[in-house]
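Peer 1: generate coordinates for the sequence data below:
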Amino acid sequence: MASASIAAITPMVRGRLRVSCRKKDRDRDHHHHYPFKVVEITPPPRCLGVRCLPSNIHCGENVTIEGQAYTVSAVIHRYQLRKGKYEPSERRIDVQSTGRYILNLYLENLLQHS
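Peer 2: As a prediction, this is how the structure comes out:
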């Protein structure tokens, strides 16, 4: 299970804010940590902030943010074409509370078998 920590915002780089993870968060394990915008998608959607998470985070993985358990529903990497090269522009994960995620799986299973 991944535990989220808050990312540090540093001065502007190329006209936009640079967000980086603290060194102690990056060195916790062998995987690199990157800042992800975390959005809880259960209606109404709400932003849970920018958090440092492992670069290999994937759907179905559990994360804990401010003591609340969430399950990752989607991992989104967006890129923007700048000067002939694609550069990362956004890293985002969509999450649901773990209880809601399990309930949705159960309901989908019932629907498929009815």
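Peer 1: quick check, L105 in a helix?
Peer 2: Yes. With DSSP: H, G, I helix; E, B strand; the rest coil as the criterion, L105 is part of a helix.
Peer 1: if I look at it, how far off is K83?
Peer 2: Separation of L105 from K83 (C-beta to C-beta, to the nearest Å) stands at 44 Å. No exception for glycine: its C-beta is placed from N, CA and C like everyone else's.
Peer 1: these two: which has the busier surroundings?
Peer 2: For L105 against K83, the residue with the higher neighbour count under other C-beta atoms under 10 Å is L105, and the figures read 12 against 5.
Peer 1: report whether the expected contact of V38 with R46 is present.
Peer 2: No. Using C-beta atoms under 8 Å as the test, V38 is too far from R46 to be in contact (9.8 Å).
Peer 1: which of the two has more neighbours?
Peer 2: Neighbours were counted for V38 and for R46 using other C-beta under 10 Å; V38 has more, 21 against 10.
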